[in-house]
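**Student:** build the 3D model from these lines:
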Amino acid sequence: MPSFKIDTSTAVVFVATPPTPKLVSKQTGERAMDRETGAGLSTVGLLISDEGEGNLYQVTVPETGLPEGLAPGMPVRVIGLKARDWENNFNGQARHGISFRAVALTVGA
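**Tutor:** Purely as a prediction, here's the structure:
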């Protein structure tokens, strides 16, 4: 499925929730890995505010793109943010949504 670039150059972005490892399976605890680099993936909650509207997004970032010490309330810049739609069937039910992925986060506004 295609992905779409998201321009955050005019947005104010804050960490809402600290990075947590993204898992392939909760049962086994297997961590999701970046297919290109082999780096472990983490999910970070980001509050992105632009043009008077703020939204919370769960963004997947490779561990190599995460600065140390990210904590709620810290201002960050998002590098290479993309959105991609997804669809799957789980226990006979169709599910769909949009996933967000970034190359890296940097500390500071």
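
**Student:** now for Ile79, how many residues are close by?
**Tutor:** By other CB atoms under 10 Å, the residues close to Ile79 number 13. All C-beta atoms are positioned from the backbone trio N, CA, C, and that covers glycine.

**Student:** do the same with the one 10 residues further on
**Tutor:** By other CB under 10 Å, 8 other residues sit near Asn89.

**Student:** what's the answer for Asp85, then?
**Tutor:** Neighbour number of Asp85 under other CB under 10 Å is 12.

**Student:** residue with max distance from the center of the chain?
**Tutor:** Most distant residue from the mean C-alpha position of the chain: Gly92, 27.3 Å away (CA atoms, centre = their mean).

**Student:** if I look at that residue, how far off is Gln27?
**Tutor:** Taking CB to CB, to the nearest Å as the measure, Gly92 falls 19 Å from Gln27.

**Student:** buried residues, stretch 56-75. List them.
**Tutor:** Using 16 or more other CB atoms under 10 Å as the test for burial, stretch 56-75 gives Tyr57, Val59, Thr60, Val61, Pro62, Glu63, Gly65, Leu66, Leu70, Met74.

**Student:** about what we covered before: and the residue farthest from the centre of the chain, what does it touch?
**Tutor:** The neighbourhood of Gly92, defined by CB atoms under 8 Å, 6 or more residues apart in numbering, contains no residues.

**Student:** how about low-confidence regions in the chain?
**Tutor:** Applying pLDDT under 70 to the chain flags residues 1, 109.

**Student:** just give the nearest non-adjacent residue to the spatially most central residue of the chain, would you?
**Tutor:** Residue closest to the mean C-alpha point of the chain, counted by CA atoms, centre = their mean, is Val59 at 1.1 Å. Leaving aside its sequence neighbours, Val59 sits nearest to Phe100 (CB to CB, 6 or more residues apart in numbering; 4.5 Å).

**Student:** what about that neighbour, helix or strand, and which?
**Tutor:** Following DSSP states H and E, one finds Phe100 within strand 93-101.

**Student:** so which elements touch that strand?
**Tutor:** On a contact count with 3 or more CB pairs under 8 Å, 6 or more residues apart in numbering; DSSP states H and E, strand 93-101 meets strand 53-62, strand 82-90.
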